[in-house]
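1. Would you be able to build a 3D model of this:
(one chain, ligands or ions: 1)
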Amino acid sequence: MTGTLTIVGLGPGDPRYLTVDADAALRGAEAVYGYKAYLDRVPARPLQVYYPSDNREEGTRAAAAIDHAARGANVAIVSGGDPGVFAMAAAVCEAIEHGPESWRALDIAIIPGITAMLAVAARIGAPLGHDFCALSLSDNLKPWDLIERRLDAAASAGFVIALYNPVSRARPWQFGKAIARLRQHLPPATPVIFGRAVGRPGESVEVVTLGAAGKTSADMATLVIVGSRDTRIIERRGRSPLVYTPRALAEVSA
Ligand code: SAH
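-> Predicted structure coming up:
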């Protein structure tokens with residue numbers, strides 16, 4: 001007997017960002033697995049059982065949820081934002097690739113959510129209006145040297161860069177180093193957006209220059225968008241600025 005495993009994106013925070021599909025998937029689940037801060041966002045349902053785990057235990061959590069579903073239950077596993085962006089959908093795929101053959105027979109559905117870079121971008125204009133990439137600054141799962149090479153490549157190729165996981169308690173210096181690295185490729189006036197806890201109580205969105213970005217504080221709930229040479233700021237009297245990257249580029253600008 002096999003059940004189903006649904007990997008659900010919760011969006012950036014507030015329940016209004018939960019899609020109708022995600023809400024339905026959560027309603028239908030008997031058991032919900034996830035990082036405890038994300039499980040707190042799941043609306044409580046009668047008879048539903050919750051399996052909280054720590055942030056770093058993604059592999060073990062994925063295996064436990066798969067095993068539970070393989071024993072016949074209708075199981076959901078949740079991620080903040082989108083489950084396919086630095087999150088649980090890849091952890092589940094890794095577990096299935098390396099796990100018992102029987103896990104491949106499981107019904108799996110992945111329900112997308114609004115990822116942090118889209119939520120932050122929408123608050124401030126259209127910084128992702130032209131080519132962009134997303135990079136996680138966490139060196140827990142890849143070497144720092146590779147991160148630096150990717151920052152060099154992305155900035156010199158003219159991509160706007162969304163930086164996930166800029167800082168954590170265990171990674172205090174990486175963000176400053178990344179900004180210093182990007183300054184080797186981009187002018188000090190390049191716009192940099194710090195979106196913190198967007199879609200949650202106490203959210204903030206701040207626009208600074210790349211020159212000042214190293215001194216701006218970021219934390220685990222911050223998504224940073226570093227503009228390209230083409231990204232522009234429209235100042236507006238009495239209103240927050242609009243930051244955008246034009247759709248059309250006349251020539252190679254990197
Ligand atoms: N799957 C998530 C990303 C997980 S990585 C998604 O699609 O959004 C965790 C990182 O995402 C955080 O360190 C932060 O950089 C970013 N993040 C997640 N939620 C956020 C929010 N509400 N506001 C700003 N950044 C957020």
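
2. How about the residues of the stretch 151-254 of the chain by the ligand?
-> Counting by Cβ under 6 Å from any ligand atom, the residues of the stretch 151-254 of the chain close to the ligand are 164-166, 195-200, 220-223. Glycine gets a C-beta too; all of them are placed from N, C-alpha and C.

3. Moving C-terminal from the worst-scoring helix or strand of the chain on mean pLDDT, which element do we reach first?
-> Each helix and strand of the chain was given a mean pLDDT (mean pLDDT, DSSP states H and E); the minimum falls on helix 36-39 at a mean of 91. Per DSSP states H and E, the first helix or strand lying C-terminal to helix 36-39 is strand 49-53.

4. which parts of that next one are buried?
-> For strand 49-53, burial by neighbour count (16 or more other Cβ atoms under 10 Å) applies to 50-51, 53.

5. Switch those over to TSV; also include distance to the ligand and pLDDT.
-> TSV is the format used below for the buried residues of strand 49-53 (distance: Cβ to the nearest ligand atom, whole Å; pLDDT from 0 to 100):
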residue	distance to the ligand	pLDDT
50	19	96
51	19	95
53	15	91
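
6. Once you drop chain neighbours, what's closest to the residue in the stretch 1-150 of the chain that the ligand sits nearest to?
-> Residue nearest to the ligand within the stretch 1-150 of the chain: residue 81 (2.0 Å; Cβ to the nearest ligand atom). Spatially, and ignoring its direct neighbours in sequence, residue 81 is nearest to residue 115 (4.3 Å; Cβ to Cβ, 6 or more residues apart in numbering).

7. dump the residue contacts of that neighbour.
-> With contact set as Cβ atoms under 8 Å, 6 or more residues apart in numbering, residue 115 has these partners: 9, 12, 81-82, 85.

8. measure it to residue 104 for me?
-> Computed as Cβ to Cβ, to the nearest Å, the residue 115 to residue 104 distance reads 27 Å.

9. now residue 232
-> 49 Å.

10. In terms of packing, which of the two has more residues around it?
-> For residue 232 versus residue 104, neighbours defined as other Cβ atoms under 10 Å are more numerous around residue 232 (16 against 10).

11. chain center to the host helix or strand of residue 208: distance?
-> Residue 208 belongs to strand 204-209 when assigned by DSSP H and E. Remark: strand 204-209 is offset 18 Å from the chain centroid, using Cα atoms, centre = their mean, to the nearest Å.

12. what packs against that strand?
-> helix 116-124, strand 191-196, strand 239-244 (3 or more Cβ pairs under 8 Å, 6 or more residues apart in numbering; DSSP states H and E).

13. which neighbours does the second one have in its sheet, and in what orientation?
-> In other words, strand 191-196. Using DSSP bridges, strand 191-196 pairs in its sheet with strand 204-209 (antiparallel), strand 222-226 (antiparallel).

14. relative to helix 116-124, how tilted is the helix or strand following the shortest one?
-> Of the helices and strands lying after strand 222-226 in sequence (DSSP H and E), the nearest is strand 232-236. Following axes from the mean of the first three to the mean of the last three Cα atoms, to 10 degrees, one obtains 40 degrees for the angle between strand 232-236 and helix 116-124.

15. what's next to strand 232-236, contact-wise?
-> Residues outside strand 232-236 that contact it (Cβ under 8 Å, 6+ apart) are 125, 191, 207, 241-246.

16. Okay, angle between it and strand 239-244 too, please.
-> If you take the same axes, to 10 degrees, strand 232-236 sits at 160 degrees to strand 239-244.

17. chain center to strand 232-236, what's the gap?
-> 26 Å.

18. on that earlier part again, quick one: which two of the contacts of residue 115 are the most distant?
-> By the measure Cβ to Cβ, 12 and 85 form the most distant pair in the contacts of residue 115, at 11.4 Å.

19. Give me the common contacts of those two.
-> Joint contacts of residue 12 and residue 85 (Cβ under 8 Å, 6+ apart) are 115-116.

20. what about the two, which has more around it?
-> Taking other Cβ under 10 Å, residue 12 and residue 85 do not tie; residue 12 has more neighbours (26 against 21).

21. Great, nothing more from me.
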